[in-house]
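[1] Predicted model and sequence follow; I will ask about them next.
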Amino acid sequence: MNILFVPILARIYTPEQYAQFGLLLSLVVVLAGAASGKYAEAISTAKRDSTANVLGEIAVRFSLLSNAAFAPLLIAIALLTHNNMGFALLSILSVFSVSLANIATQVLIRGQRYTQYTILIFLMLGLIPLLQVLFKNLPGNGLLLGACAAHLIAAIASFLLIPSAMWPTSWRTSQRVKAIATIYRSFPQFALPSFFLSTLRTRLPYFALAGLPDKQFLGLFAQTDRLLGAPTTLMTTALRPLATEALSRKSSPSALLRKYLLGQWILLIPPTVLIYKNAEPIVALLLGPGWGGAAQVLKIMLFPSFLMMTTTWLDRFYDFSKQHHIVFKTEIAFGVLALLALIIWGPVLNKPIVALSVFSAITSIYYLAWTCSLMRVYKIPWKNIVMVLSALGSSILLWMLVIPTFE
């Protein structure tokens, strides 16, 4: 639904307004996802309902405390980037609303209430573009108001969906809550830092570019990111269940992985090259006048997005191999690398095209390393890995980093 509204919204709102919207969503993704200390994700794994209820209470407690701690940070970001307290208030409300909805989604997954789960996801995400169209004539930025309204509606629904047993009855923490929190401490210890660095790495351009006086480039980046993210979401939704089913049949996982990777590269490389060569007319068709600068951004972001599209849904192979520590180490390494790149390349942020090219190169290397590690887990010979990934990686990095930066 989001992708269907892109041509409409692009003709209603400006790149500067999309810059605010992109920053808001980035703050929500990073902070709301981390608010519960990842205890929310533990709810669906608990064997007993009583344990799940305690985990829900822990998640709610963490979320309330985290959101209180996030408020000064969000106010500071709003004042530094936009000098706008309204943006701060909308950010605080959205982060709190989505953190609550994240807990509710895990409750619904545990109860196998998939119809209600789908409705809640629609309220949290799918309702946003519709409200943004409806709010176009309201004072302020309708993109922000529509997103915040959708998040608030999802939060109200979450209040009704989260069982009463999960709501804390007092400010004091019981011994049972402390004991369960200790038993499931691996979630905040391992899942939380991995998630935080992963999402921070993917959202780093938003935070880096938000400090520039000219907000237009951030708006171009935000719009392009949404365009490229849509097919990745569709592929992940469609192919992850197929991978799960195939792996559960205990067929050769190594052969299956080679088949999936080769099939994807054969099918997706030609349209990727075609889009690269025709970026200008594609942007003009989808976004209309005023978005011409998005074509160059699209070229830079296209190949890391291609790699993300071909690897994201393959995480099921890691699940079945039970080698999650490899993903954790990879996320940590590249999360730190991305942060260091921001520090080193900070002086060139006045040339955002260069900075974005460097970030895209790091992202491409990350996905190549991720794929290479997965292939080694399933004992694919090194010579095959080196030949395929070297050819793919070198062409992508040269095409994306050298040409857009110096042409």
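    Yes, it's here. Numbering: from 1, shown residues only.

[2] neighbouring contacts of whichever strand or helix holds L120?
    Per DSSP states H and E, L120 falls inside helix 114-121. Helix 114-121 is contacted from outside by 101, 104-105, 108-109, 154, 157-158, 161, using C-beta atoms under 8 Å, 6 or more residues apart in numbering. Every C-beta, even on glycine, is put in place using the N, C-alpha and C of the backbone.

[3] so V283 touches A295, yeah?
    Yes - with contact defined as C-beta atoms under 8 Å, V283 counts as touching A295 (4.5 Å).

[4] So for the two, which residue has more residues nearby?
    Neighbour count, other C-beta atoms under 10 Å: between V283 and A295, V283 has more, with 23 against 18.

[5] Can you report phi and psi for that one?
    phi -60, psi -40 (degrees, to the nearest 10).

[6] Would you indicate which residues of stretch 162-181 are buried?
    162, 166, 177, 180-181 (16 or more other C-beta atoms under 10 Å).

[7] Kindly apply the preceding question to stretch 64-81 instead.
    64, 66-67, 70-71, 74-75, 77-78, 81.

[8] can you give me how far that stretch is from the chain middle?
    20 Å (C-alpha atoms, centre = their mean, to the nearest Å).

[9] Please work out which residues outside that stretch touch it.
    So stretch 64-81 is contacted by 23, 27, 31, 34-37, 84-85, 87-88, 91-92, 95-96, 99, 210-211 (C-beta under 8 Å, 6+ apart).

[10] Counting only helices, which of those make the cut?
    Within those, residues falling in helices by DSSP state H are 23, 27, 34, 85, 87-88, 91-92, 95-96, 99.

[11] Hmm, G142 and Y13 touching each other?
    Yes - with contacts counted by C-beta under 8 Å, Y13 reaches G142, the gap being 6.9 Å.

[12] Find the residues that touch each one of these two.
    Counting by C-beta under 8 Å, 6+ apart, the residues touching both Y13 and G142 are 132, 136.

[13] re earlier: show me the buried residues of stretch 162-181 that map onto helices.
    Reading helices off those with DSSP H, I get 177, 180-181.

[14] how close does L55 sit to A69?
    21 Å (C-beta to C-beta, to the nearest Å).

[15] Now do the contacts for N84.
    A78.

[16] OK, contacts around G290?
    Applying C-beta under 8 Å, 6+ apart, the residues near G290 are 14-15.

[17] Likewise for F359?
    204-205, 208, 338, 341.

[18] For those residues, pick the one with the most neighbours.
    P205 (26 neighbours).

[19] Give me the distance between the two termini of stretch 104-115.
    Stretch 104-115 has an end-to-end distance of 13 Å (criterion: C-alpha to C-alpha, to the nearest Å).

[20] In it, which residues are buried?
    Neighbour count says stretch 104-115 has 104-108, 110-111 buried, by 16+ other C-beta under 10 Å.

[21] if we can go back for a sec, and the helix holding L120, how far out from the chain middle?
    Relative to its chain's centre, helix 114-121 lies at 20 Å (C-alpha atoms, centre = their mean).

[22] Tell me which helix or strand comes right after that helix.
    That would be, after helix 114-121 and using DSSP H and E, helix 127-134.

[23] got the angle for that following helix vs helix 114-121?
    40 degrees (axes from the mean of the first three to the mean of the last three C-alpha atoms, to 10 degrees).

[24] Please enumerate residues in contact with helix 127-134?
    1-2, 4-5, 8-9, 12-13, 142-143, 145-147, 149-150, 153-154.

[25] try stretch 161-168
    Stretch 161-168 is contacted by residues 53, 56-57, 59-61, 100, 103-104, 107-108, 116, 120 when judged by C-beta under 8 Å, 6+ apart.

[26] what about 10 Å?
    Identification of contacts with stretch 161-168 by C-beta atoms under 10 Å, 6 or more residues apart in numbering yields 43, 49-50, 52-61, 64, 100-101, 103-108, 111, 113, 116-117, 119-120, 154, 159, 174, 177.

[27] quick one: average pLDDT of it?
    Averaged over stretch 161-168, pLDDT sits at 92.

[28] now stretch 205-225
    pLDDT averaged over stretch 205-225 gives 85.

[29] Tell me the gap between it and the middle of its chain.
    16 Å.

[30] Same question for that stretch: list its buried residues.
    205-210, 212, 215-225.

[31] what's the straight distance from one end of it to the other?
    By C-alpha to C-alpha, one end of stretch 205-225 lies 11 Å from the other end.

[32] re earlier: now, which of the ones in helices among the buried residues of stretch 162-181 sits nearest P231?
    Proximity of those to P231 (C-beta to C-beta) peaks at A181, which lies at 39.3 Å.

[33] residue contacts, that closest one?
    A181 sits in contact with 37, 39, 42, 54-55, 57-58, 61-62, 173, 187-188, where contact means C-beta under 10 Å, 6+ apart.

[34] Counting neighbours, which of these comes out on top?
    That'd be L55 among the contacts of A181, by other C-beta under 10 Å, with 30 neighbours.

[35] That one and V297, how far apart?
    Computed as C-beta to C-beta, the L55 to V297 distance reads 41 Å.

[36] ok, now which ones touch S158?
    Here S158 is in contact with 97-105, 107-108, 120, 123-124 (criterion: C-beta under 10 Å, 6+ apart).

[37] Check which helix or strand it maps to.
    Here S158 is assigned to helix 142-161, by DSSP H and E.

[38] Which positions within that helix qualify as buried?
    142-155, 157-158, 161.

[39] And the nearest residue to I128 once chain neighbours are set aside, what's its pLDDT?
    With C-beta to C-beta, 6 or more residues apart in numbering as the measure, A150 is the residue that lies nearest to I128, at 4.5 Å, once sequence neighbours are left out. In this model, A150 is scored at 96, pLDDT.

[40] need the contact list for A150.
    Per C-beta under 10 Å, 6+ apart, neighbours of A150: 94, 97-98, 122-132.
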